[in-house]
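1. Please find the sequence and the predicted model below.
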Amino acid sequence: MDKLGSMKMFVRVAEAGGFAKAAARASLSTAAVSRAIMELESSLQTRLFNRTTRQISLTDAGRRYLSHCERILNQVELADAEAMGASAQPAGRLRIHATSSFGQHYLTPLLAQYTAQFEDVSVDLVLSQRTPDLLEEKFDVAIVIAQTLKDSSLVSQRVGFARPVLCASPGYLMRHGTPRTLADLEHHTCLQLSLQDMPAAQWLFEDAESESLRSPKPAPLTVNMPEALAQAVQAGMGLAMLPVPAALQGIREGNLIHVLPDVRAVPHNIYALYASRQYLDAKIKTLVEFLRETVPQRIAEHEQALGAAQARRDRAMACLE
């Protein structure tokens, strides 16, 4: 019998006041209980019970050991209860990693709602432009944006998808002309967004004739932050595929123009990655479920705002004509 099991048996015998009674409560033989106590005494090199033909009683060492055992076993029960409760009630610190742009525009506002709903959960959010090692860096969840995921032992749940939009500045279009078809892009300067899980030099469109466009020449600028890329586009350096949140303010202010608005880009998938499905912690489970419900709504709101801003610009241009 292991040490913890021996301690439990010792407490049972002390509480029952005899081997036979303790054996009956544990559905064991009296000999098995007696042997367990003898092995415990042997390992401790201490007699825990005084034995007579009619009764047993604790020795001084046995009474002290009983006090320690009761305290230890109570702590074990509390630890077990807390661990089992983790799969039922969200509580504790939730460590999340996300890309900087997604974290800023989507995740942070949504986490305010999540923590208001689950008040016993506190969040440690880390933003960067890479995919971390969840186990090595002790993250509970990583939010990854990718066309497809690399094979791994991690569990993935798609919580939404977002389409980038092709943008240019008014000044660039005045100098180089406005593309009317996907084929026209071959003659334009295409700036690139470089992310760890996204191919930087390939733009994918839902187009019957040409599913993808690869930049025909090295890009004059490659950057790993969508907001920085949006600034380069506003400065007239070229066209770029931008996430809607990074493009929205520029389109509202007239510093960016949505090019080829009728051509839909292939959406980028948004995944939540975590270590295992088995015995899933309630705070991870509730977060993933929450994101699956709220991320698509948030993305739809941004796309509606983009459409409204573009419509206002089109009406203003029509009035000028």
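-> Now that the structure is in, tell me what you want to look at.

2. buried ones in the helix or strand hosting residue 315?
-> If you go by DSSP states H and E, residue 315 is part of helix 282-320. Of all the residues in helix 282-320, those buried under the rule 16 or more other CB atoms under 10 Å are 282-284, 286-288, 290-291, 294-295, 298-299, 302, 306, 309-310, 313. (Glycine included, C-beta is placed from N, CA and C.)

3. Packing partners of it?
-> Here helix 282-320 is seen to pack against strand 92-98, helix 108-117, strand 141-146, strand 155-162, helix 244-253, strand 257-258, strand 268-274 when contacts are counted using 3 or more CB pairs under 8 Å, 6 or more residues apart in numbering; DSSP states H and E.

4. can you put these in a markdown table and add mean neighbour count and distance to residue 68?
-> What follows is these, written out as a markdown table (neighbours: other CB atoms under 10 Å; distance: least, CB to CB, whole Å):
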| stretch | mean neighbour count | distance to residue 68 |
| --- | --- | --- |
| strand 92-98 | 19 | 29 |
| helix 108-117 | 14 | 40 |
| strand 141-146 | 22 | 40 |
| strand 155-162 | 18 | 41 |
| helix 244-253 | 20 | 59 |
| strand 257-258 | 21 | 72 |
| strand 268-274 | 21 | 39 |
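
5. Would you mind putting these into CSV with distance to residue 183 and mean pLDDT alongside?
-> Shown next, in CSV, are the helices and strands packed on helix 282-320 (distance: least, CB to CB, whole Å; pLDDT from 0 to 100):
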stretch, distance to residue 183, mean pLDDT
strand 92-98, 36, 93
helix 108-117, 39, 93
strand 141-146, 27, 90
strand 155-162, 26, 90
helix 244-253, 23, 92
strand 257-258, 19, 92
strand 268-274, 23, 91
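
6. For residue 226, find the nearest of the ones you listed.
-> helix 244-253 (3.8 Å; CB to CB).

7. Please tell me how far residue 188 sits from residue 314.
-> Computed as CB to CB, to the nearest Å, the residue 188 to residue 314 distance reads 21 Å.

8. re earlier: how about the helices and strands packed on helix 282-320 in TSV, adding distance to residue 229?
-> Below are those laid out as TSV (distance: least, CB to CB, whole Å):
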stretch	distance to residue 229
strand 92-98	18
helix 108-117	20
strand 141-146	14
strand 155-162	15
helix 244-253	7
strand 257-258	15
strand 268-274	15
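
9. right, and residue 219 touches residue 190 too?
-> Yes. With contacts counted by CB atoms under 8 Å, residue 219 reaches residue 190, the gap being 6.0 Å.

10. Please identify every residue contacting each of those two.
-> Contact with both residue 219 and residue 190 is made by residues residue 238, according to CB atoms under 8 Å, 6 or more residues apart in numbering.

11. In terms of neighbours, single out the busier of these two.
-> The neighbour comparison of residue 219 against residue 190 (other CB atoms under 10 Å) goes to residue 190, with 21 against 18.

12. show me what contacts residue 7?
-> Shown in contact with residue 7 (CB under 8 Å, 6+ apart): 40, 69, 72-73.

13. and the residues you listed, which are buried?
-> Applying 16+ other CB under 10 Å to the contacts of residue 7 flags 40, 69 as buried.

14. Show me the contacts of residue 7 that map onto strands.
-> Using DSSP state E, the subset of the contacts of residue 7 located in strands is empty.

15. Tabulate the contacts of residue 7 (CSV), appending pLDDT.
-> Shown next, in CSV, are the contacts of residue 7 (pLDDT from 0 to 100):
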residue, pLDDT
40, 89
69, 89
72, 88
73, 86
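
16. Take the contacts of residue 7 and keep only those in helices.
-> In this view, the contacts of residue 7 that belong to helices under DSSP state H are 40, 69, 72-73.

17. could I get these as TSV with distance to residue 172?
-> Shown next, in TSV, are these (distance: CB to CB, whole Å):
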residue	distance to residue 172
40	82
69	78
72	72
73	73
